[in-house]
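**Student:** Here you go, sequence then predicted model.
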There are 2 protein chains.
Amino acid sequence: MVTSITSDAVRERCAHCPGRSHSICNVIDDDELPILVAESARVQVAKGRAFIEEGTPAHEFYVLTEGRVKLFNLLPDGRRQIAGFAECGDFLGLAAVDSYAFSAEAICDVTLCRFSHSGIDRLTQRFPHLEHRLRDEASRELTIMQRRLVLLGRKTARERLATFLIEQSLPPCCAAPDLLEKEEKPIKIKLLMSRTDIADYLGMTIETVSRTLGVFKKEKLITVQGVTAVTLLAPHRLRAIAEGNG
Amino acid sequence: MVTSITSDAVRERCAHCPGRSHSICNVIDDDELPILVAESARVQVAKGRAFIEEGTPAHEFYVLTEGRVKLFNLLPDGRRQIAGFAECGDFLGLAAVDSYAFSAEAICDVTLCRFSHSGIDRLTQRFPHLEHRLRDEASRELTIMQRRLVLLGRKTARERLATFLIEQSLPPCCAAPDLLEKEEKPIKIKLLMSRTDIADYLGMTIETVSRTLGVFKKEKLITVQGVTAVTLLAPHRLRAIAEGNG
DNA sequence: TATCATTTTTGATCTAGATCAAGGAACTTA
DNA sequence: TAAGTTCCTTGATCTAGATCAAAAATGATA
């Protein structure tokens, strides 16, 4: 009786999980969810807390189910490069050979599902297509990385910020700015990260981020409400700038 | 009789393949090589020829078995970011969702094994651990990407070039500069790519590459014979510079 | 509601690295 | 061996973005 209740509760956990549809979990049928649940643990991480540290042995994967997380690397003197902002459904931990190649810190209060490597091994044994799904996930990340290299290596501050704004305007799981509709209504976005985070993500300083936003404002490309709310007035022009035209 | 000869010849092809031990092929037993061969085609690409073009539908993977390849992205106005230089044993094509996220061009005459996606699907069906091996390969690439983001986003020209020289001094398949012996004898390396390629890899200009090499020469960190031969006189100092100290 | 702390914006100045412009080397071709 | 080509180095100058320094806005605390 008790186990049955638990099992139901546990299935609920996945069934209602906001990450379910986008995450790797979407290759597991509903009726097999208990197996998934058995191999995972729900974890809460408070805003500002790091839960993966670069260089430590990688024994776990995470599926982000609620909140946002920043992934980053540090140089010995404190210079920081943010590799990305993970959101609901994202799979964390692929960028690791024996130890993690990055650190992860919660931007707000966060919920994750933690899987041990051995747990994932058991799951891939049981659900062979999960392994393929993981490869897909890795491929997706690699394509994102390619674009990021171009951004950091070859784009101007203006182009970087435009790219960032466009990225932020895209729905989760759609990481391809080019493949988007050309409709021209303003897009409201909420920046959930600080200017410092934006700067460290784009490889620039907070001052340049601030100034460039100022320029966009003057050019009527955006309006800013408060600090975190931005409206993209001319998404297609921003997209052009992001791609190196404009 | 003929088929038997072919089969032998074909097995030879893999058995003596310089990429065999490092590439994904190393998860296939010798006696199963014919299956691998049946799904692959040997391809030759002449120096300077591109064989993967960013944005085109991704239907194939490649294993590089001889020569070197540059992987890159272009902006519409011609700015170029080289994501990496592939070498013997490297697996190409993971950074693709439906279409390739990068272009690939032979730096010298090159030999590759081409696999169709469907061929790889058949192989992973037959050899389930191959799928895991592909994921590993992707993970390895992702860790390299992390380091590259730091380089492009946060390192100085000096640090970038030091990183590059150290990278080039590492044996193929060892992509972790930190994990290396501290021995201090000079290391001779051969740069197989042009200054332009180096610049586009490091996110700088050829002039800065040239000047920074000049600085390293003056500081007795390196000597240069001709254009392509470089001797690292003080690898550990270069390593320190690469990591952001020095 | 006032005070303090933090974050962001704005301004003034500086500089690493880009750009522009010649020279040199090194490779090709005849 | 000479004459192009192409690639690399070196020098002079410029500039995008960094750094330094306040002011303004936002948010937290009491």
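**Tutor:** Sure, I can see it. Numbers count the residues shown, from 1 in each chain, chains lettered A, B, ... in the order given.
**Student:** Skip the chain neighbours and tell me the closest residue to the residue nearest the centre of chain A.
**Tutor:** In chain A, the centroid-proximal residue (C-alpha atoms, centre = their mean) is A:Ala86; its distance is 1.8 Å. Computed as C-beta to C-beta, 6 or more residues apart in numbering or on different chains, the closest residue to A:Ala86 that is not its neighbour in sequence is A:Val69, at 4.3 Å. (Each C-beta comes from the backbone N, C-alpha and C, glycine too.)
**Student:** next one: A:Phe51
**Tutor:** Distances taken as C-beta to C-beta, 6+ apart put A:Val45 closest to A:Phe51, at 5.0 Å, once the chain neighbours are dropped.
**Student:** Could you check the pLDDT of that neighbour?
**Tutor:** The score at A:Val45 is 95. That number is its pLDDT.
**Student:** repeat for A:Pro171
**Tutor:** Reading off the confidence values, A:Pro171 has pLDDT 77.
**Student:** Which strands or helices does the host helix or strand of A:Arg122 pack on?
**Tutor:** When elements are assigned from DSSP states H and E, A:Arg122 belongs to helix A:117-126. Applying 3 or more C-beta pairs under 8 Å, 6 or more residues apart in numbering or on different chains; DSSP states H and E, one finds that helix A:117-126 makes contact with helix A:33-38, strand A:60-66, helix A:128-154.
**Student:** So the residue nearest to A:Phe51 versus A:Leu161, what's the distance?
**Tutor:** For A:Val45, the distance to A:Leu161 (C-beta to C-beta, to the nearest Å) stands at 29 Å.
**Student:** quick one: contacts for A:Gly48?
**Tutor:** Contacts for A:Gly48 (C-beta atoms under 8 Å, 6 or more residues apart in numbering or on different chains) come out as A:105-106.
**Student:** With A:Glu184 instead?
**Tutor:** A:234-236.
**Student:** Can you add distance to A:Ile28 and neighbour count and give those residues back as CSV?
**Tutor:** As requested, these are arranged in CSV below (distance: C-beta to C-beta, whole Å; neighbours: other C-beta atoms under 10 Å in any protein chain shown):
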residue, distance to A:Ile28, neighbour count
A:Ala234, 42, 18
A:Pro235, 36, 24
A:His236, 39, 15
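**Student:** near DNA strand C, which residues of chain A show up?
**Tutor:** Of all the residues in chain A, those in contact range of DNA strand C (C-beta under 7 Å from any atom of the strand) are A:194-196, A:206-207, A:209-211, A:213-214, A:224, A:227.
**Student:** So what's the residue count around the nearest residue to A:Arg13 once chain neighbours are set aside?
**Tutor:** Using C-beta to C-beta, 6+ apart and skipping the chain neighbours, the partner closest in space to A:Arg13 is A:Val37 (6.3 Å). Applying other C-beta atoms under 10 Å in any protein chain shown, we find 22 other residues in the vicinity of A:Val37.
**Student:** roughly how far apart are A:Val37 and chain B?
**Tutor:** For A:Val37, the distance to chain B equals 23 Å [C-beta to the nearest C-beta, to the nearest Å].
**Student:** surely that residue meets A:Cys14?
**Tutor:** Yes - under the criterion of C-beta atoms under 8 Å, A:Val37 is in contact with A:Cys14, at a separation of 5.9 Å.
**Student:** For the residues of chain A next to DNA strand C, please prepare JSON lines with the additional fields pLDDT, secondary structure and neighbour count.
**Tutor:** Formatted as JSON lines, the residues of chain A next to DNA strand C follow (pLDDT from 0 to 100; DSSP: H, G, I helix; E, B strand; the rest coil; neighbours: other C-beta atoms under 10 Å in any protein chain shown):
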{"residue": "A:Ser194", "pLDDT": "97", "secondary structure": "coil", "neighbour count": "15"}
{"residue": "A:Arg195", "pLDDT": "98", "secondary structure": "helix", "neighbour count": "15"}
{"residue": "A:Thr196", "pLDDT": "98", "secondary structure": "helix", "neighbour count": "13"}
{"residue": "A:Ile206", "pLDDT": "98", "secondary structure": "helix", "neighbour count": "14"}
{"residue": "A:Glu207", "pLDDT": "98", "secondary structure": "helix", "neighbour count": "10"}
{"residue": "A:Val209", "pLDDT": "98", "secondary structure": "helix", "neighbour count": "23"}
{"residue": "A:Ser210", "pLDDT": "98", "secondary structure": "helix", "neighbour count": "12"}
{"residue": "A:Arg211", "pLDDT": "98", "secondary structure": "helix", "neighbour count": "14"}
{"residue": "A:Leu213", "pLDDT": "98", "secondary structure": "helix", "neighbour count": "20"}
{"residue": "A:Gly214", "pLDDT": "98", "secondary structure": "helix", "neighbour count": "11"}
{"residue": "A:Val224", "pLDDT": "97", "secondary structure": "strand", "neighbour count": "14"}
{"residue": "A:Val227", "pLDDT": "94", "secondary structure": "coil", "neighbour count": "10"}
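**Student:** With distance to DNA strand D as added columns, please give those residues in CSV.
**Tutor:** Formatted as CSV, the entries for these read as follows, by distance: C-beta to the nearest atom of the strand, whole Å:
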residue, distance to DNA strand D
A:Ser194, 11
A:Arg195, 11
A:Thr196, 12
A:Ile206, 8
A:Glu207, 4
A:Val209, 8
A:Ser210, 9
A:Arg211, 8
A:Leu213, 13
A:Gly214, 12
A:Val224, 9
A:Val227, 5
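**Student:** can you give me the helices for chain A?
**Tutor:** A:2-15, A:33-38, A:117-126, A:128-154, A:157-169, A:195-202, A:206-218, A:235-242 (DSSP state H).
**Student:** quick one: A:Leu161 and A:Ser194, what's the gap?
**Tutor:** From A:Leu161 across to A:Ser194, the span is 15 Å (C-beta to C-beta).
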